[in-house]
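Chemist: this is the structure alone, sequence omitted:
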Ligand code: PMP
């Protein structure tokens, strides 16, 4: 830290993203990216858009917004596109939290929430999940705080039914509820259908997972028009050109290629079932994941050791050091070929140790 660093940020512990090693070819199952290339249409549109990069990008993401509004059955005024959904989440912390509206979220969830809260000087409360990692809905009803819930949750993959999300939204008419649906396309129920009914709900989603555009950085917030106006005030006070031209074009191609998107989601869901079943055969305990990852622990093998030994063998998975989940690993669902390599390596590691 330099002596010039602002007092505001001296105590900040930044978010630790998953490893992105470039020194060696890994079977990369650690950051929940899609194993599939972006849609050919997304690549084609982005290449075409590169011809106009001398111009600033469209600050309203006009074509993208119109396309998504049609697909989701919401108004254009209900949508804001952002630089990944991380930016949408940060905008929500900035726009809808302060000392009168502290943030609240589970103790085990997306690790960026406490960082966004700290960055913006917002008090926050972490509510312990139940022993089985499920959310106790009552903990979030009538709380008079800004609620952040990842659905499905990460890293557990456990999803809440829409009726539970609605109960929470309904019971907090004077506070905002943010449903972070980064993984919703892999089998959970989206709360977008509730947008017209409640003016205190924001849904965030991303193109990073199900639409194979993690490197493009494209996310969105969907909510009542008044909330989207607030988020736009924050956007235009920080970075109006937050979604670049190439990304807008790629995003439009990804949305237009609906068949490709649906096919890939179905593959991941099938591969998740296969991976879960194979891990269970090997003695692993797994959560019921509705996401593109599986959260697993082996009663007879240390979680961190499994991560370390797999890494030595060229397979990357994600291990967390948080006490409650240190026995677990989060494994991204890859292609069938990637999963065979993973499973063969796990078998060998378990055999050597027994
Ligand atoms: N929410 C959750 C729960 C996530 O796991 C992630 C991915 N790390 C994000 C949001 C943000 O993803 P992105 O910024 O790539 O849209």
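Modeler: That came through fine. All values derive from a computational prediction rather than experimental measurement. Numbering: from 1, shown residues only.
Chemist: and the next helix or strand past the helix or strand where residue 163 lies?
Modeler: Using DSSP states H and E, the element containing residue 163 is helix 162-170. Next in sequence after helix 162-170, counting helices and strands by DSSP H and E, comes strand 177-180.
Chemist: so for the helix holding residue 163, what gets flagged as buried?
Modeler: Buried residues in helix 162-170, counted by 16 or more other C-beta atoms under 10 Å: 162, 164-170. The C-beta positions use only the backbone N, C-alpha and C, and glycine is treated the same way.
Chemist: tell me which stretches of the stretch 1-150 of the chain form strands.
Modeler: Counting by DSSP state E, counting those that start in this stretch, the stretch 1-150 of the chain has these strands, from start to end: 27-28, 79-82, 103-106, 124-127, 146-150.
Chemist: kindly report the same for the stretch 251-354 of the chain.
Modeler: 285-286, 293-297, 315-316, 318-319, 329-332.
Chemist: most packed of the ones you listed?
Modeler: strand 329-332 (a mean of 28; mean count of other C-beta atoms under 10 Å).
Chemist: residues of this structure that sit close to the ligand?
Modeler: The chain comes close to the ligand at residues 84-86, 110, 150, 154, 180, 182, 206, 208, 214, 219, as judged by C-beta under 6 Å from any ligand atom.
Chemist: how about a cut-off of 5 Å?
Modeler: 84-86, 110, 150, 154, 180, 182, 206, 208, 219 (C-beta under 5 Å from any ligand atom).
Chemist: I figured residue 346 was touching residue 310, is that so?
Modeler: Yes - in this structure residue 346 lies within contact range of residue 310 using C-beta atoms under 8 Å: 7.2 Å.
Chemist: and the protein, what are its domains?
Modeler: Here the domain assignment for the chain is 17-36+259-353, 40-256, based on automatic domain parsing.
Chemist: let me know how buried residue 119 is, in neighbour terms.
Modeler: Counted with other C-beta atoms under 10 Å, residues neighbouring residue 119 total 17.
Chemist: you'd agree it is up against residue 11?
Modeler: No - the pair residue 119 / residue 11 is not scored as a contact, 10.8 Å apart, by C-beta under 8 Å.
Chemist: for whichever residue of the stretch 51-200 of the chain sits closest to the ligand, which residues are in contact?
Modeler: Of all residues in the stretch 51-200 of the chain, residue 84 sits closest to the ligand, at 2.8 Å by C-beta to the nearest ligand atom. Contact analysis of residue 84 by C-beta atoms under 8 Å, 6 or more residues apart in numbering lists 206, 208, 217-219.
Chemist: perfect, that will be all.
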